[in-house]
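# Need the 3D shape of this:
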Amino acid sequence: MAYLQSFGAAEVVTGSCHILNLDSGEKIMVDCGMFQGEHERENFKPFGFDPSQIDVLLITHAHLDHVGRIPKLVKEGFTGRIISHRSTFDLAEVVLLDSAHLMEEEYRTHFRKAQRRGEEHHVRQPLYTPEDVEDVYDLPSTYVSYGEKIALGKDTTAIFRDAGHILDSATIQIDFMDGGKPKTIVFSGDLGNHNDIVMSDPDAVKKADVLYIESTYGDRNHKGIKESVDEFKEVITNTLLSQGNILIPSFAIERTQEILCLLKQMYDDKELPLCKVYLDSPMAIRATNLYNKYHDELSTCCNDFLKRDGTIFDFPYLHYTLKPEESKKINNENGCIIIAGSGMCTGGRILHHFKNRIWNPKNAILFVGYQAHGTLGREIVDGAKFIKVYHEKIKIDARIYTINGFSAHADQSELLAWMQSFDNLGNIFLIHGEKEKQVVFQKVIHQEMPNKVHIVREGEKIQI
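Next up, the predicted model:
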């Protein structure tokens, strides 16, 4: 009998990694993501399975917590086929190379310090290198389109549908034979927010014997988009008119592009005070270029910008800072908006900007994305008075704002509505969520739907 096991994103948000074991002996993996926040150490532990035994890897989308361990998977023996959208594979390359460079940089820093103590042999090697990322792209790959039926093996097919989360993100339906009977399992991937400015709404799925669904915001509903946009505009306008600067820690993929669209619309509507807007993230700049390249997959709003201006995201106030020396020059600017990674403040250029500006009460820090437990971003959102950046203790006097309405994740009501749109739905399994939020979501589903609901544990064998 077929069974499923999850080796990530089980009672936690990150580390997506799920394996469907078929009675034919085929092993199909959905995602192989990196753990983030307080669970980062899990990335260095051995996989709970043999990578060389995996036949096919399906990728729902290119966020690090869904693709970040693929180079490790390949290093440890995976030689199978990778199936995704072409844009997802391109975007994943940007994400993985950035991850590899950051890990190498961190390793070199720790190694230099350890050398001075005579402890260099205790410094842990990077999880993977840029060369390991290149090895991923040497494997056989198949590119799909939404709605296309792809053969995975004997009597086994997959269909990717629009999840509305980031560029070409997908829900994945796998149809297979189990004990002579046809079965269907659906993985939601990360489902998008219906109010997303850049992406289309998630496509409906009609049938599943088993549904594995994300639950990141299963305990709450987002603010309305109009309320969120109004709040965003107010923070931007008031801070700039008070001679302050706005720092926006932003995820390079999706959130950055959404913020650029909002700022461009403010500029067009003459609502944006005179300022300089810096996109200070090489990864976000490369991702934005890919969004431009694959613009056909974006919302009507984005393509209206393109038809009118010849560009989706650019406007006169916007400056891209690829090089480190360009980033450093921003320190001398005032009356500016700085969009920089990482989105959870675990590294990247946002830390340099915190060091230079988070102590100034004129400035504002504007969080527009999820902050996982164990991250610096979560510490700040939860009310920390001081942070430690590059071994320096810094007081937080800037005003802190959190706007959750821009989340690229569906909220509780949207997750429920998506499940209720199925014509035929069997058991529901919750993944990609913090345990306490999953418990809340499980109770709500029990109240609203007749289906059995189970919170998936890591390594647990779930019979189909």
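# now for the helix or strand harbouring residue 416, which elements pack on it?
Here residue 416 is covered by helix 412-420, with elements defined by DSSP states H and E. Applying 3 or more Cβ pairs under 8 Å, 6 or more residues apart in numbering; DSSP states H and E, we find helix 412-420 packed against strand 207-214, helix 435-448. Quick note: C-beta positions are derived from backbone N, CA and C, even for glycine.
# What pLDDT does the model give the residue located most distally from the centre of the chain?
What lies farthest from the middle of the chain is residue 118; by Cα atoms, centre = their mean that is 38.4 Å. Confidence at residue 118, expressed as pLDDT, is 85.
# What backbone torsions are found at it?
phi 70, psi 30 (degrees, to the nearest 10).
# how close does it get to residue 178?
Residue 118 is 58 Å from residue 178, where distance means Cβ to Cβ, to the nearest Å.
# Equivalent analysis for residue 341, please.
Separation of residue 341 from residue 178 (Cβ to Cβ): 43 Å.
# out of those two, which sits in the more crowded spot?
residue 341 (28 against 18; other Cβ atoms under 10 Å).
# care to break the protein down by domain?
What automatic domain parsing lists as the domains of the chain is 3-220+408-463, 225-406.
# circling back: what residues does the residue farthest from the centre of the chain make contact with?
Neighbour list for residue 118: empty [criterion: Cβ atoms under 8 Å, 6 or more residues apart in numbering].
# re the thing from before, chain center to the helix holding residue 416, what's the gap?
20 Å (Cα atoms, centre = their mean, to the nearest Å).
# if we can go back for a sec, now for the helices and strands packed on helix 412-420, which one comes closest to residue 314?
Closest to residue 314 of those, according to Cβ to Cβ: strand 207-214, at 32.6 Å.
# so what does that closest one touch, helix or strand wise?
strand 181-187, helix 412-420, strand 424-431.
# State the phi and psi torsions of the residue lying closest to residue 149 once chain neighbours are set aside.
Using Cβ to Cβ, 6 or more residues apart in numbering and skipping the chain neighbours, the partner closest in space to residue 149 is residue 157 (5.1 Å). When read as degrees, to the nearest 10, the backbone of residue 157 gives phi -130, psi 160.
# Quick check: residue 157 vs residue 425, distance?
Look at residue 157 and residue 425: by Cβ to Cβ, they are 19 Å apart.
# between these two, which one's more packed in?
Per other Cβ under 10 Å, whichever of residue 157 and residue 425 has more neighbours is residue 425, with 20 against 14.
# Provide a list of residues in contact with that one.
Contacts of residue 425 by Cβ under 8 Å, 6+ apart are 207-208, 211, 419, 451.
# Likewise for residue 375?
36-38, 344-346 are the contacts of residue 375 under Cβ under 8 Å, 6+ apart.
# quick one: pLDDT of it?
Reported pLDDT for residue 375: 91.
# Could you report the neighbour count for the nearest residue to residue 347 once chain neighbours are set aside?
Nearest residue to residue 347, sequence neighbours excluded (Cβ to Cβ, 6+ apart): residue 102, at 5.7 Å. By other Cβ under 10 Å, the residues close to residue 102 number 17.
# Spell out the secondary structure type for residue 102.
Here residue 102 is recorded as helix under DSSP: H, G, I helix; E, B strand; the rest coil.
# how about the nearest residue to residue 435 once chain neighbours are set aside, phi and psi?
Nearest residue to residue 435 in three dimensions, chain neighbours excluded: residue 11, at 4.5 Å (Cβ to Cβ, 6+ apart). Note on residue 11: backbone dihedrals following degrees, to the nearest 10 are phi 70, psi 10.
# Quick check: residue 11 touching residue 454?
No. Distance between residue 11 and residue 454: 11.6 Å, which falls outside the contact criterion (Cβ atoms under 8 Å).
# Look at the two and report which has more neighbours.
For residue 11 versus residue 454, the count of surrounding residues by other Cβ under 10 Å is larger for residue 11: 19 against 13.
# so what's residue 415 up against?
Counting by Cβ under 8 Å, 6+ apart, residue 415 has contacts 191, 213-215, 217-218, 441.
# next one: residue 316
By Cβ under 8 Å, 6+ apart, the contact set of residue 316 is residue 267.
# any idea what it is structurally, helix, strand or coil?
Here residue 316 is recorded as coil under three-state DSSP.
# same thing with residue 362?
coil.
# Could you check what's spatially nearest to it, not counting adjacent residues?
residue 244 (3.8 Å).
# before we move on, back to that, any idea how far the residue farthest from the centre of the chain is from residue 417?
Residue 118 sits 60 Å away from residue 417, going by Cβ to Cβ.
# pLDDT on stretch 175-182, on average?
94.
# Also stretch 241-253?
Mean predicted lDDT for stretch 241-253 stands at 95.
# in it, what's buried?
For stretch 241-253, burial by neighbour count (16 or more other Cβ atoms under 10 Å) applies to 244-253.
# Go through the residues you listed and flag which are in strands.
246-249 (DSSP state E).
# Report the helix or strand with the lowest average pLDDT across this structure.
helix 300-309 (a mean of 82; mean pLDDT, DSSP states H and E).
# Can you list the helices and strands that it packs against?
Under the contact criterion of 3+ Cβ pairs under 8 Å, 6+ apart, helix 300-309 touches helix 255-268.
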